[in-house]
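Peer 1: Sequence and predicted structure, then a few things I'm wondering about:
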Number of protein chains: 2
Amino acid sequence: MPKYTIGVDLGGTTMTAGLVDSSYALLGKVTRPTSLPRPAKDLEQALADLCRTVAADNGVDFADIAYVGIGTPGSVNFTTGFVGYNTNFGYYDWNLGPDLSALLGCKVYVENDANAAAYGEYIAGAARDYRDAVVITLGTGIGSGIILGGKLLRGFNFAAGEMGHTVIVKDGRQCNCGRRGCWERYASARALTEDTQAAMQQHKESLLWQFADHLEAVNAKTPFDAAAAGDAVAKQVLDTWMEYVGCGVANVVNTFEPEVVCIGGGVSNQGEVLLAPVRAYVERETHNITTGRPPVIRACMLRNDAGVIGAAALANSF
Amino acid sequence: MPKYTIGVDLGGTTMTAGLVDSSYALLGKVTRPTSLPRPAKDLEQALADLCRTVAADNGVDFADIAYVGIGTPGSVNFTTGFVGYNTNFGYYDWNLGPDLSALLGCKVYVENDANAAAYGEYIAGAARDYRDAVVITLGTGIGSGIILGGKLLRGFNFAAGEMGHTVIVKDGRQCNCGRRGCWERYASARALTEDTQAAMQQHKESLLWQFADHLEAVNAKTPFDAAAAGDAVAKQVLDTWMEYVGCGVANVVNTFEPEVVCIGGGVSNQGEVLLAPVRAYVERETHNITTGRPPVIRACMLRNDAGVIGAAALANSF
């Protein structure tokens, strides 16, 4: 009986394979450059080598690997292991799952990277020991991974869980997806950065300029730093942004009423400075609907390991 | 092996029990007035009598009833069969499931009436033969029943599926739930009625006045009738309203990517006059996310029988 699995977090810049035991403890990791652009067959060989390496480095015979799971950008058909077009790779019709399975001689599961990371938090992180969980990642966009009764909600074309593209401001800001007013246009880390930049241009006196001396230096941490230093402009930007975060989380709660909503992305490092206002807003907005105790709202825990661990647990996710 | 189940649709005005066979065909129904207000114990006896009557009227021995399912207004704990406060009944802490089970000598399941009706459409109506379905009912509010892999999504306090109370217009119209800008404030049948009334007050020349000679006579059918007769004001009201319907359905699709979205409520009798524009809007708004074929969008089929049939199938719903 194989006792280990391997999870791979395949990114545009680096790829990391992690060896995981049957209780989902991460025993070791190997990270290498993805080295794009390169031919698909070449990358598949590199992935196979990465998987063999992480097993060998930790003294595990590859015959003891039950399966390999991959989290990758792009639209993934979980059933076939087929990856649709993704600009990072530039491959059309990438048959990743079957190809890698042939190279490694074991079962290979392939999942969208955001879903894999959410599943990692469910298996071993902030959503562990809850039945239903929604993991919201505030980054360039807003990713959401929805886990119900231990299973990832995938949708019939594997595109469920795109709550970043639910409209919360009808006819609002234009989104890349073609809609107007999507949640991620108001509540992503990128939206916070852009709103901070806009406020700085209007307020040359703001302390924000001490934390970012030019607009390109602004990131989502900048307004938190300036607000902590007492800057009213930064505080106003943050308050508005956190209300949008809360509005979307309240929508999540009224839709799924999960036991737990986990918030990830670099901005979740702010901890209670972010979580406490969002929690208060969500509880106020949902208390007439969810009449029992409110869902837990907390930060993700696993950071970069979430994708690896989630990928290594994919056999449980369907 | 019991071959039949009974489903009850318990409303504030009438209650209907239906006898259903193992393939969920409705063999017969009995409807009686609910006769509120009345003591809870009295109503429980009436419900028990109703169930025994529908069996006897159809020549079935009550010993051949596998279980009784009840769809009722109010917040229901499906696990315990306990019904929270509902203004229709005026009972606090109604122990409906266990009480009725004791009276009938069989298992009794209790579910929220909207969920029961959605489940009926899933079992025997417009969502039959699909894996994941969302049933949207456009009425006074917007009800939603979410069925994933054959199971009702209930949430950890049994309040999931309240998509009518997801905000699509941040800081918009005040909703009874306490939020502002909820979907149901823009896209329910009641919202259509109210928007029609407002347009009539601004447009005394509108044909709408020929279909409703005073404002209290307006209902959600009025603008459809006037638009069909060529009235531009009615058409404008309808176009705006249908776009809000579509906006929320697109949110449903980007969240769940179900195989099918069923639209119910009296307004769904309009058929393609409603469905075609909503379908076009939703497909345009979601085609960059759900890159495969779009979900089916169709009208509910079972009307008043949905609640009875869904209640009669509740043992499969968890």
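Peer 2: On my side now, so go ahead.
Peer 1: drop to CA atoms for contacts and neighbour counts, all remaining ones
Peer 2: Will do.
Peer 1: for stretch A:224-242, how far is the first residue from the last?
Peer 2: Stretch A:224-242 has an end-to-end distance of 11 Å (CA to CA, to the nearest Å).
Peer 1: Identify the residue of the stretch 151-300 of chain A closest to chain B, quick one.
Peer 2: A:Ile168 (4.0 Å; CA to the nearest CA).
Peer 1: my guess is that residue contacts A:Gly248, does it?
Peer 2: Yes. Between A:Ile168 and A:Gly248 there is a contact at 7.2 Å, judged by CA atoms under 8 Å.
Peer 1: any residues in contact with both of the two?
Peer 2: Residues touching both A:Ile168 and A:Gly248 (CA atoms under 8 Å, 6 or more residues apart in numbering or on different chains) are A:183, B:167.
Peer 1: Could you measure from the residue of the stretch 151-300 of chain A closest to chain B over to A:Phe82?
Peer 2: Going from A:Ile168 to A:Phe82 by CA to CA gives 32 Å.
Peer 1: out of these two, which sits in the more crowded spot?
Peer 2: A:Ile168 (31 against 20; other CA atoms under 10 Å in any protein chain shown).
Peer 1: who touches that one in this structure?
Peer 2: A:181-183, A:247-248, B:167-170.
Peer 1: With A:Ala313 instead?
Peer 2: Counting by CA under 8 Å, 6+ apart, A:Ala313 has contacts A:5, A:7, A:24, A:69, A:119-120, A:123.
Peer 1: Farthest-apart pair in those, please.
Peer 2: A:Thr5 and A:Tyr119 (14.8 Å; CA to CA).
Peer 1: neighbour-wise, which of the two wins?
Peer 2: For A:Thr5 versus A:Tyr119, neighbours defined as other CA under 10 Å are more numerous around A:Tyr119 (34 against 27).
Peer 1: Assign the more buried one to helix, strand or coil.
Peer 2: Here A:Tyr119 takes the helix state, with states given by DSSP: H, G, I helix; E, B strand; the rest coil.
Peer 1: Next one: it from A:Arg303, what distance?
Peer 2: For A:Tyr119, the distance to A:Arg303 equals 12 Å [CA to CA].
Peer 1: can you check A:Glu162 too?
Peer 2: Taken as CA to CA, the span from A:Glu162 to A:Arg303 is 20 Å.
Peer 1: out of these two, which sits in the busier spot?
Peer 2: The neighbour comparison of A:Glu162 against A:Arg303 (other CA under 10 Å) goes to A:Glu162, with 21 against 16.
Peer 1: what about chain A, any weak spots by pLDDT?
Peer 2: Residue ranges of chain A with pLDDT under 70: A:1.
Peer 1: so where do the strands sit in it?
Peer 2: With DSSP state E as the criterion, chain A has strands at A:4-10, A:14-21, A:26-33, A:65-72, A:76-77, A:82-83, A:107-112, A:132-138, A:142-148, A:151-152, A:260-264, A:296-299.
Peer 1: show me where chain A has helices.
Peer 2: Remark: helices assigned in chain A by DSSP state H are A:40-57, A:96-104, A:113-124, A:184-187, A:189-202, A:208-211, A:222-228, A:232-256, A:272-286, A:305-312.
Peer 1: For A:Tyr67, give me its contacts.
Peer 2: A:4-6, A:106-109, A:312.
Peer 1: Next: A:Gly120.
Peer 2: Contact analysis of A:Gly120 by CA under 8 Å, 6+ apart lists A:302, A:305-311, A:313.
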